[in-house]
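Student: A structural model of the following input is requested.
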Amino acid sequence: MCLIVAGSSLYAEDCFVLVDKAQGVERSVVEMMAVALISENIRPVKPVTAAAEIKQDQCVYRVEFDSTASGSTLTLSGKTQASGTSPKTGILGLNEALMNAVNVSLKSARNAPESVNPLVQEGDDWFYGKKSYKDYTQAAKWYQRAAEKGVVEGQKKLGYLYLNGLGVPRESETAFKWYQLAAQAGDPEAQNSLGVLYQYGNGVTLNYPQALFWYIKATDQGNPDAQSNLGYMYLNGYVVKKDPKTALSLFLKAADQGNSLAFAYIGYCYQMGYEVSKDDIKAVEWYRKSAEAGNPYGASRLAYMYMYGYGVEKNQQEAMRWYERASQKSGE
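Tutor: Have a look, this model is predicted:
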């Protein structure tokens, strides 16, 4: 006997519809599976396959989880190991052994290596020049195919192409559309990008509360870009109460992940004395770290320090060199 729970989004109501069609299966099993899936936030974004088998009371319980871009399927099965033996609470009863099998299967699925959707992979090959040369138009074509099939990675990358006019017309409204779909599906990079669009009114009406909402969503998943952007909002008091302490904490978390913008923001905290002792020398160190990592804001701040001799010997030539670097990076 087995029960299959399948759906493109794996919501509880999808599971409940199926239980009425399954004879001899307790509703509690389906409810338990729906709750487990939702709590683990398993979504058909990253194709994974996992299975677990638990033995108890001379019986074998097996859980199989398969997720692809087109949907997900969860199969629960129970069988006797010895003739005439059956689980104390029924083949598919809500018991500890089955729950353990579920947990093992979901953990395996969550930790499975990420596999790239073939349509997205084809787009990546064109985008990064793995086809002997770069072709953004071809990349856009493949990302579009993936995006239209609901592949989140394709939606996010297509949004990036439209935002920057690579292989497609520069259309911030279209970029917003694809980023929004990917963000709503839970992708942290898309959530941060959507926050940026809301913050600067690019492709959508400027909306700080919405920017804050999406930065928080992405930050909760540990995205360093969102941590920097959320910290910036706290530093300046956009929507939230001005809070340099929280801002610096977020900058440091992002910096731990190598975020170059966070380096510059930490330098600014040292320059202004926000939650740290004012120290122009340390400010220059952080600005330089950001600038050398290619961040235009860090380069412009370092140029400013050279221009006026703050924390470093005044040097007009060096200042102009870093201003030029900042300008070049901003135009990329």
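Student: for residue 255, the count of nearby residues, please.
Tutor: Using other C-beta atoms under 10 Å, residue 255 is surrounded by 22 other residues. Using the backbone N, CA and C atoms, a C-beta is placed for each residue, glycine as well.
Student: find the nearest non-adjacent residue to it, please.
Tutor: What sits nearest to residue 255 in space, not counting adjacent residues and going by C-beta to C-beta, 6 or more residues apart in numbering, is residue 262, at 4.3 Å.
Student: that neighbour - how many residues pack around it?
Tutor: 29.
Student: now do the one 5 residues further on
Tutor: Around residue 267 there are 29 other residues, counting by other C-beta under 10 Å.
Student: start the count at 215, not 1, going forward
Tutor: Yes, from this point I'll number from 215; that puts the last item at residue 481.
Student: need the per-residue pLDDT for it.
Tutor: Here the pLDDT value assigned to residue 481 is 98.
Student: the residue lying closest to residue 437 once chain neighbours are set aside: how many residues sit nearby?
Tutor: The spatial neighbour of residue 437 that comes closest, neighbours along the chain excluded (C-beta to C-beta, 6+ apart), is residue 402 at 4.0 Å. Look at residue 402: counted by other C-beta under 10 Å, it has 21 neighbours.
Student: how close does residue 392 get to residue 415?
Tutor: Per C-beta to C-beta, to the nearest Å, residue 392 is found 18 Å from residue 415.
Student: neighbour count winner among the two?
Tutor: Set side by side, residue 392 and residue 415 show more neighbours around residue 392, with 26 against 13, by other C-beta under 10 Å.
Student: secondary structure element holding the more buried one?
Tutor: Element membership of residue 392 [criterion: DSSP states H and E] is helix 386-398.
Student: now that helix - C-alpha only, PDB.
Tutor: Only the C-alpha atoms of helix 386-398 are listed here, as PDB (Å, rounded to 0.1, in the frame of the first residue of the first chain):
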ATOM      1  CA  SER A 386      13.200  47.500 -16.000                       C
ATOM      2  CA  GLU A 387       9.400  46.700 -15.800                       C
ATOM      3  CA  THR A 388      10.000  43.300 -17.400                       C
ATOM      4  CA  ALA A 389      13.000  42.800 -15.100                       C
ATOM      5  CA  PHE A 390      10.700  43.500 -12.200                       C
ATOM      6  CA  LYS A 391       8.200  41.000 -13.400                       C
ATOM      7  CA  TRP A 392      10.700  38.100 -13.500                       C
ATOM      8  CA  TYR A 393      12.500  39.100 -10.300                       C
ATOM      9  CA  GLN A 394       9.100  39.200  -8.500                       C
ATOM     10  CA  LEU A 395       8.200  35.700  -9.600                       C
ATOM     11  CA  ALA A 396      11.600  34.300  -8.500                       C
ATOM     12  CA  ALA A 397      11.400  36.300  -5.200                       C
ATOM     13  CA  GLN A 398       7.900  35.000  -4.400                       C
END
